[in-house]
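Undergrad: below are the sequence and a predicted model for it; my questions follow.
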Amino acid sequence: MKDEILRLFSSIQSKHPLVHHITNNVTINDCANVTLAIGGSPVMADAKQEAANMTKLAQSLVLNFGTLGEPSFESMILSGKMANHIEIPVIFDPVGVGATEYRTKRAQELLDQVEVSVVRGNQSEIAALIGEEGSTRGVDAGDIQIDPAKLAIHASQKLGAIIAVTGATDIITDGERMVEIHNGHPMMTKVTGTGCMSTSLIGSFSGCTKHLFAAAVAGTSVMSIAGERAYRFLQKPVGTATFRMKIIDEISLMTGDIWREEVKIIENKCS
Amino acid sequence: MKDEILRLFSSIQSKHPLVHHITNNVTINDCANVTLAIGGSPVMADAKQEAANMTKLAQSLVLNFGTLGEPSFESMILSGKMANHIEIPVIFDPVGVGATEYRTKRAQELLDQVEVSVVRGNQSEIAALIGEEGSTRGVDAGDIQIDPAKLAIHASQKLGAIIAVTGATDIITDGERMVEIHNGHPMMTKVTGTGCMSTSLIGSFSGCTKHLFAAAVAGTSVMSIAGERAYRFLQKPVGTATFRMKIIDEISLMTGDIWREEVKIIENKCS
Amino acid sequence: MKDEILRLFSSIQSKHPLVHHITNNVTINDCANVTLAIGGSPVMADAKQEAANMTKLAQSLVLNFGTLGEPSFESMILSGKMANHIEIPVIFDPVGVGATEYRTKRAQELLDQVEVSVVRGNQSEIAALIGEEGSTRGVDAGDIQIDPAKLAIHASQKLGAIIAVTGATDIITDGERMVEIHNGHPMMTKVTGTGCMSTSLIGSFSGCTKHLFAAAVAGTSVMSIAGERAYRFLQKPVGTATFRMKIIDEISLMTGDIWREEVKIIENKCS
């Protein structure tokens, strides 16, 4: 797994995959900037008149529900179907699913109509996505009593996709293998968009490999390592805006060597 | 007043109120980040299909006219009515009202249909909102010859709401009491969104208390103090982007102790 | 040329032109902040109900195709016609034109219906705009085999507008005169929105002069100089987010004296 991920760091710098995003208005600038920072090339077109045609040019597609609305949902379906047709990976971020019936319903429709390769969310979003009990509060993770590893495996089997459940510990599984990432910093919850950025990083790595499980682990771990390093290197006390900037800096400065030195990863078979 | 506000600093850290925003595309990321910085939890959903349902989960609602359009206006009405129904406060930022007939008309409609608890704007926006002569130039304060204290009192009585008129001196009144805040820095006019961020801070504090006048003073003064401190602590000359980042940092580092030491506040009865 | 531009630096500080933007959701905050940084006053209203009326108050109009959609396109036409009617300059940024048929078609329609004073884009966007062979890849410049100076002159003659082709070397021409700017830094391609910001700077300078060619050179060169200085002054290695912040800082700190000392400009007649 580690060697596969190390190869992705050079691969992304030579291929600069075009990552088509249909995403939210809150963190759209951050998503574009982290995609550039890791070596991808972002494009954010969301008009239904061009969504599928833009996807046709891309190497991966990121669909993010942050500020979901009918026009962007329609474009997500069009782009998602095109992505399936041209066989590029679709990365889905079900932001806020479970908080309102609308989001939950539209997420189901998306999963019915589009084959999704990777889903990244917090515990309550992933739980809501597969109909588990949970409570999404706004767009943040609510209280939930389920074991995140079991949740991830269950979701992966039910959705036929790689699942990344991010939180204090990040869990990534394809239903057979499971990886835990023990990096990150609690202050990351004080910056909007760290989840979205993680998804954009997965999308970026997914655009330059067939090994989507490695891409999901790479994207998730780069985000958590960047957060951990950003906090470590800043003068204390750390303000949240400087922290946010420093996280993106650390993503842009990440190399395979830094990643290998920093990553705290546990690999397992799903039992 | 000061003791009441000091209590809000701990209250917001324990309650993390969910602050539903329907806001503009220019400063939406800043609004989310300052809400997190002060201890709130932001959610920015603006689709009419879920707006009211999202409001149902929230402790306060922020309505901001920055990039007003028909879809978001419709959602503002739905969410505003829901907020009134479940009795959570509505904070209104009439960005650019007076600049175009469209904004002025929609603001009147909003005030007709939704009971608003706090309105924050610059002098010309508040003047336009109550039909006073004034000149809003784009979204910035225009030249206006009216005494801001009299304007605020008049607006408060006419609208039955707490009014915060922000500028070189900030004035907050509920028609009976009046508070002047003598903090801030002129360079704050060189950063987009300082007004919007102030409104989001009022919204955040309003989500954890019944004392909305204290919440309005708290939000307005935290913004002005953060701007003042940000400028003070930075190496000169100060660039506007570093200044913007440092303002949000100072919000995230603000404590009751810092606030008490920094605030320059004058309390009066309205005569 | 240089003297003309030096006069613009004081002119913009005394006039604070109102720059109406109809722009994209990715870089809208950056566009507003650089407009403020250079001395302009940004307003970003894009609802068709008020677009033309907001333009009526402005000194220049910036139309940016970054996240083009039907509602904003309709507003661009309304605002563009109003700008022509009241004789303020229209600055057009054809982001991503050539990437999809939709963008190319809408760009043609805009140019048919609105008289545009300045167009700023990368090589492939400008080539696509005039029907030259080229390949726009997403919103980034694709590979193109045409001489950028010839392209700019051709585009200027065909569109009857000042053309700024930005890249490693920036080229600005009105079909008779040509200016090359040899400033900038390669790392600017790692930050989203440097092109959009350049366009907003051109829009800002265009709002305070009749010499639009000087305004186009001023805006383009300020952006490139700011990028060059930002990189030079930062501790190495430079992270992309700190770099982005520092670029806007350098714009806000730019003076005529700094500009004169830094600018590497070559003036020519078009042959």
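TA: Thanks, I have the structure now.

Undergrad: ramachandran angles for A:I77?
TA: Dihedral angles of A:I77 (phi, psi; degrees, to the nearest 10) stand at phi -70, psi -50.

Undergrad: for it, which non-adjacent residue is spatially closest?
TA: What sits nearest to A:I77 in space, not counting adjacent residues and going by CB to CB, 6 or more residues apart in numbering or on different chains, is A:Q113, at 5.6 Å. Backbone N, C-alpha and C define where each C-beta goes, glycine included.

Undergrad: give me the neighbour count for the one you found.
TA: 13 (other CB atoms under 10 Å in any protein chain shown).

Undergrad: any stretches of chain A with poor pLDDT?
TA: Across chain A, the ranges flagged by pLDDT under 70 are A:133-145.

Undergrad: contacting residues around stretch A:153-160?
TA: The contact list for stretch A:153-160, computed with CB atoms under 8 Å, 6 or more residues apart in numbering or on different chains, reads A:111, A:115-116, A:119, A:126, A:129-130, A:132, A:161-163, A:165, A:173-175, A:178, A:270.

Undergrad: filter those residues down to the buried ones, ChimeraX style.
TA: Of those, the buried ones can be selected in ChimeraX as follows, counting by 16 or more other CB atoms under 10 Å in any protein chain shown:
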select /A:111,116,119,126,129,130,132,161,162,163,165,173,174,175,178
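
Undergrad: the contacts of stretch A:153-160 in helices, which ones?
TA: A:L111, A:I126, A:L129 (DSSP state H).

Undergrad: buried set for the host helix or strand of A:H154?
TA: Element membership for A:H154, per DSSP states H and E: helix A:148-159. Going by neighbour count (16+ other CB under 10 Å), the buried part of helix A:148-159 is A:P148, A:A149, A:L151, A:A152, A:I153, A:H154, A:A155, A:S156, A:Q157, A:L159.

Undergrad: out of those residues, which comes closest to C:L57?
TA: A:L159 (51.2 Å; CB to CB).

Undergrad: what's the burial count for the residue of chain A found nearest chain C?
TA: Closest to chain C within chain A is A:D249: 2.4 Å, counting by CB to the nearest CB. Using other CB under 10 Å, A:D249 has 24 other residues around it.

Undergrad: wait, it sits on C:K246?
TA: No. The criterion here is CB atoms under 8 Å, and A:D249 misses it with C:K246 at 11.3 Å.

Undergrad: say whether chain B is contacted by stretch A:8-21.
TA: No. Stretch A:8-21 lies out of reach of chain B by CB under 8 Å from any CB of the partner chain, never closer than 15.2 Å.

Undergrad: circling back: give the other helices and strands that the strand or helix carrying the residue of chain A closest to chain C contacts.
TA: Taking DSSP H and E as the definition, one finds A:D249 inside helix A:240-253. The contact analysis (3 or more CB pairs under 8 Å, 6 or more residues apart in numbering or on different chains; DSSP states H and E) places helix A:240-253 against helix A:28-38, helix A:194-206, helix A:212-233, helix B:28-38, helix B:240-253, helix C:240-252.

Undergrad: can you mark which positions in that helix are buried?
TA: Buried positions in helix A:240-253, judged by neighbour count with 16+ other CB under 10 Å: A:240-252.

Undergrad: format those as CSV; extra columns: distance to A:Y231.
TA: Below are the buried residues of helix A:240-253 laid out as CSV (distance: CB to CB, whole Å):
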residue, distance to A:Y231
A:T240, 11
A:A241, 14
A:T242, 10
A:F243, 7
A:R244, 11
A:M245, 12
A:K246, 8
A:I247, 9
A:I248, 14
A:D249, 12
A:E250, 10
A:I251, 14
A:S252, 17
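
Undergrad: run the contact check for stretch A:175-194 versus chain C.
TA: No. Stretch A:175-194 lies apart from chain C when judged by CB under 8 Å from any CB; the minimum separation is 11.8 Å.

Undergrad: buried set for that stretch?
TA: Under the neighbour-count criterion of 16+ other CB under 10 Å, stretch A:175-194 has A:175, A:177-181, A:183-185, A:187-194 buried.

Undergrad: what is the nearest of the buried residues of helix A:148-159 to A:V217?
TA: Of all the buried residues of helix A:148-159, A:A152 has the smallest distance to A:V217: 12.6 Å, by CB to CB.

Undergrad: measure A:H85 to C:G66 for me?
TA: To C:G66, A:H85 is 26 Å away according to CB to CB, to the nearest Å.

Undergrad: between these two, which one's more packed in?
TA: C:G66 (26 against 11).

Undergrad: find the nearest non-adjacent residue to that one, please.
TA: Nearest one to C:G66, counting by CB to CB, 6+ apart, is C:N24 at 2.5 Å.

Undergrad: could you pull up phi and psi at the one you found?
TA: Dihedral angles (degrees, to the nearest 10) for C:N24: phi -90, psi 160.

Undergrad: where does the nearest residue to A:G203 once chain neighbours are set aside sit: helix, strand or coil?
TA: Leaving aside its chain neighbours, A:G203 sits nearest to A:V62 (3.9 Å; criterion: CB to CB, 6+ apart). Here A:V62 is recorded as strand under DSSP: H, G, I helix; E, B strand; the rest coil.

Undergrad: now stretch A:96-111, how far from the centre of its chain.
TA: How far stretch A:96-111 lies from its chain's middle: 17 Å, per CA atoms, centre = their mean, to the nearest Å.

Undergrad: for stretch A:181-200, same thing?
TA: 10 Å.

Undergrad: hang on, the earlier thing: can you sort out which of the buried residues of stretch A:175-194 also neighbour chain B?
TA: Residues of the buried residues of stretch A:175-194 in contact with chain B (CB under 8 Å from any CB): A:T189, A:K190, A:V191, A:T192, A:G193.

Undergrad: which among these gets closest to B:V34?
TA: The closest of those, once distances to B:V34 are taken by CB to CB, is A:T192, at 9.8 Å.
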